[in-house]
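> take this sequence and fold it.
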Amino acid sequence: MRRFIVGLFALIGLLTVLVAIAVAVLASRLTSVGTQAKLPDTIVLAVDLTQGLAEGPGPDTLTRLVSGDKPSLRDFLDALERGAGDPRVKGLYAPLGDDSLGLARTQEVRDAVAAFRAQGKFAIAFADSFGEFGPGSRPYYLATAFDEIWLQPMGLVGLTGLYAEVPFFKGTLDLLGITPDFDRRSEFKTAMNTLTETRMTPPHREEVDALIGSMAGQIVRGIAEARKLSEAEVRAVIDRGPLFAEEAREARLVDRLGYRDEAVARARERAGSGADPVSLTSYLDGAGRPHASGPAIALIYGTGLIERGAGSARLIGTETGMSAREITRAFREAERDSDVHAILFRIDSPGGSVVASETIWREIGRARERGKPVVVSMGDLAGSGGYYIAAPADKIVAEPATLTGSIGVVAGKAAVGGLLEKLGITVDHAQFGANAGMFDPTSQFSPQAHQRLETFLDLIYQGFKDHVAAGRHLSADQVEAAAKGRVWSGEDAKARGLVDELGGYAAALRLAKEAANLAPDAAFKLVTFPREQGPGEIIYNRILHRERELDDAAGAGAMLPAVLPALGQQGVALPGFGFAPRVMQRLQALARDPALLLMPELGDIR
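Numbers count the residues shown, from 1 in each chain. Predicted coordinates for the structure are as follows:
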């Protein structure tokens with residue numbers, strides 16, 4: 001009864017807030033009705049790429065109302081595909097210049113702009129600066145997909161190449177009295193190095209140098225082709241960078257020097273009389289999305305750190321982790337839908353929980369057994385557990401710069417006993433069982449406990465390799481050569497059989513249609529799974545503390561041997577393939593970007 005009363009009062013308060021939001025949403029909807037029916041006769045699509053383009057299905061109506069109209073990558077691709085065949089749409093105008101997109105996502109956007117221009121449309125990029133005394137190589141590389149590049153007269157072209165740095169905390173841990181106690185499979189699985197070393201080990205440096213070399217080659221080739229320069233000229237310009245505006249114009253890196261209003265006026269001029277800029281989301285609201293009829297291809301997003309628990313829907317905003325239970329639900333909904341002919345699984349993840357990764361791996365196998373082919377499209381990152389869940393797919397597509405592979409495992413703990421001693425804190429204990437203190441964060445592993453850790457690492461590493469060998473039809477020797485924890489660029493992963501084709505959504509959808517036996521020119525609809533909950537449904541479930549039921553008695557899929565849940569449930573040191581325990585994550589929060597720190601062996605490549 002008490003729970004009901006508390007929930008009732010919470011509901012009353014929440015409804016009061018929602019009434020105000022509902023009025024605003026309704027007003028927004030009513031306002032948009034007119035624009036849906038009356039898009040301008042002459043359109044310039046406009047998108048601010050300085051804000052980046054998020055993975056996932058994009059913000060819901062309430063989020064757009066509260067936080068603004070920020071398109072997702074899917075919005076961008078859909079709008080350009082729809083606009084390419086719309087005679088009202090003459091071109092694209094995009095402010096850019098900030099280093100807001102990963103390199104693989106940059107390549108996906110470049111390809112979409114190229115396809116848009118191939119239909120006779122223009123594309124104008126404007127930057128006040130490509131990095132202001134900061135990195136600007138990636139945003140400039142993106143700008144070269146446009147046929148006209150504008151730069152503000154006092155702006156810079158920060159085309160200085162790529163730079164990687166890795167923070168090492170061993171000295172700090174020594175001062176604090178914290179002892180990292182980790183092991184790995186194998187030498188390239190360098191996540192633990194940030195705690196155990198003071199500089200890159202030889203395998204670590206080999207990996208990072210190879211990644212930088214691969215990515216730099218892609219950037220140089222792309223710029224040279226787009227700007228009609230030789231690769232030698234581009235490399236020479238990079239060594240001179242950063243360049244001031246006039247230097248950049250003389251080097252043929254930019255077409256015009258001017259200000260934002262002048263670039264907008266130029267876009268209107270090229271579009272013709274009466275042209276109006278229209279945001280991507282407003283255009284999609286009015287013109288509709290492509291791929292809206294015909295047999296269905298399911299789109300399932302797997303983004304963020306892979307987690308075991310169930311995801312909870314938010315009233316406003318989206319989840320940032322990849323819940324194994326939510327992915328399971330999505331696949332099973334798609335399996336049961338007779339209209340779904342194939343599944344496109346979009347992965348942008350550094351990995352995460354061993355058990356959760358195995359759960360998702362199993363679900364992909366189940367879908368294929370039930371006649372639903374699965375094609376994986378990789379974003380910026382599909383490493384470690386992110387590659388584990390891709391391995392069983394019919395086909396895997398990655399951008400040349402996608403960071404993938406990292407077939408290996410690292411586990412351990414950071415023992416804080418020395419720190420407690422420095423603080424005057426003493427710890428005593430009693431135990432039953434030889435390994436009862438294995439997960440004690442105050443002490444290092446005993447010899448017997450360390451032996452169990454080694455067994456764990458061997459088991460997971462071998463299981464990971466076996467799954468890759470089976471899914472990719474590779475020999476054990478081929479997998480071992482590509483494994484050892486090493487991260488590859490997409491183009492290098494393809495050369496080793498870890499990836500089937502280089503490209504983005506377009507390539508993945510083509511392969512999905514082939515797998516579904518649909519004609520190349522056949523219409524299809526792209527449907528996102530799982531079904532999104534409406535605000536009322538979210539509120540109802542939150543008030544009554546109800547979670548969605550699992551799909552069937554089989555639960556969330558096959559699990560690894562019992563040792564894994566036993567290790568994980570103690571909350572210690574075993575979160576998965578190359579990702580640190582909670583203590584390590586907190587230490588790494590001192591460094592730069594949390595998204596990059598999940599794969600610290602890569603450094604911060606910028």
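> and stretch 261-281, which residues are buried?
For stretch 261-281, burial by neighbour count (16 or more other Cβ atoms under 10 Å) applies to 263-264, 266-268, 270-271, 275, 277-281. In short, each C-beta sits where N, CA and C put it, glycine included.
> give me the mean pLDDT for that stretch.
Average pLDDT, stretch 261-281: 94.
> output it as CSV, nothing but the C-alphas.
The C-alpha trace of stretch 261-281 is given here as CSV (Å, rounded to 0.1, in the frame of the first residue of the first chain):
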residue,chain,number,x,y,z
ASP,A,261,26.7,35.1,-44.3
GLU,A,262,28.6,35.2,-47.5
ALA,A,263,28.7,31.4,-47.7
VAL,A,264,25.0,31.2,-47.1
ALA,A,265,24.4,33.8,-49.8
ARG,A,266,26.5,31.8,-52.2
ALA,A,267,24.5,28.7,-51.5
ARG,A,268,21.3,30.6,-52.2
GLU,A,269,22.8,32.0,-55.4
ARG,A,270,23.8,28.6,-56.6
ALA,A,271,20.3,27.2,-55.8
GLY,A,272,18.5,29.9,-57.7
SER,A,273,15.7,32.3,-57.0
GLY,A,274,13.6,31.9,-53.9
ALA,A,275,15.9,29.3,-52.3
ASP,A,276,15.5,28.7,-48.6
PRO,A,277,17.8,26.7,-46.2
VAL,A,278,15.9,23.8,-44.6
SER,A,279,17.2,21.7,-41.7
LEU,A,280,17.6,18.0,-42.3
THR,A,281,15.0,17.1,-39.7
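> and the contacts of it?
Residues from elsewhere that reach stretch 261-281 (Cβ atoms under 8 Å, 6 or more residues apart in numbering): 39-47, 64, 69, 71, 75-76, 79, 90-91, 93, 122, 124, 126, 148, 150, 256, 258, 286.
> now restrict those to buried residues only.
39-40, 42-47, 64, 71, 75-76, 79, 90-91, 93, 122, 124, 126, 148, 150, 258, 286.
> which SS state does Met378 fall under?
Recorded secondary structure, Met378: strand (DSSP: H, G, I helix; E, B strand; the rest coil).
> what's it in contact with, if anything?
Met378 touches 104, 347-348, 386, 390, 396-399, 402, 404, 490, 499, counting by Cβ under 8 Å, 6+ apart.
> residue ranges of the helices in the stretch 301-450 of the chain, please?
324-336, 354-369, 385-388, 417-422, 447-472 (DSSP state H, counting those that start in this stretch).
> okay, buried residues for the longest one please.
Neighbour-count burial for helix 447-472, with 16+ other Cβ under 10 Å as criterion, is recorded at 449, 452-453, 456-457, 459-461, 463-465, 467-469, 471-472.
> helix or strand: which one has Ile219?
helix 202-227 (DSSP states H and E).
> which non-adjacent residue is nearest Ala118?
Nearest non-adjacent residue to Ala118, counting by Cβ to Cβ, 6 or more residues apart in numbering: Ala84, 7.8 Å away.
> picking that back up, out of the contacts of stretch 261-281, name the ones that lie in helices.
Arg64, Asp75, Phe76, Ala79, Gly286 (DSSP state H).
> spatially, which two of those residues are the most separated?
Phe76 and Gly286 (16.3 Å; Cβ to Cβ).
> make sure Thr194 is actually in contact with Val166.
Yes - proximity of Thr194 to Val166 meets the contact threshold set by Cβ atoms under 8 Å, at 6.7 Å.
> now the residue nearest to the spatial centre of the chain: how far from Lys121?
By Cα atoms, centre = their mean, the chain has its centre lying nearest to Asp348, at 3.1 Å. Distance of Asp348 to Lys121, given as Cβ to Cβ, to the nearest Å: 28 Å.
> now Ala414
54 Å.
> these two - which one has more neighbours?
Ala414 (25 against 22; other Cβ atoms under 10 Å).
> quick check: beta-bridge partners of that one?
Pro180 (DSSP bridges).
> tell me the confidence at it?
Ala414 is given a pLDDT of 91.
> go on, Phe133?
80.
> related to what we said a few turns ago, which single one of the ones in helices among the contacts of stretch 261-281 is nearest to Glu247?
Nearest to Glu247 among the ones in helices among the contacts of stretch 261-281, with distances taken as Cβ to Cβ, is Phe76, at 31.1 Å.
> show me what contacts the closest one?
Val47, Leu53, Val109, Ala112, Leu280.
> got the contact list for the first one?
Think Val47. Pro71, Phe76, Ala79, Leu92, Tyr93, Ala94, Ser279, Leu280.
> repeat that for the third one.
Contact criterion Cβ under 8 Å, 6+ apart gives Leu49, Leu53, Leu73, Phe76, Leu101, Leu142, Ala145 as the residues in contact with Val109.
> so what's the residue count around the closest residue to Ala519 other than its chain neighbours?
Distances taken as Cβ to Cβ, 6+ apart place Lys513 nearest to Ala519, at 7.7 Å, with adjacent residues excluded. Residues near Lys513, counting by other Cβ under 10 Å, number 21.
> tell me which element Lys513 is part of?
Counting by DSSP H and E, Lys513 is found in helix 505-515.
> could you list every helix and strand in contact with the helix or strand that that helix is followed by?
From helix 505-515 onward toward the C-terminus, using DSSP H and E, the following helix or strand is strand 525-529. Contacts defined by 3 or more Cβ pairs under 8 Å, 6 or more residues apart in numbering; DSSP states H and E place strand 525-529 against strand 296-303, helix 324-336.
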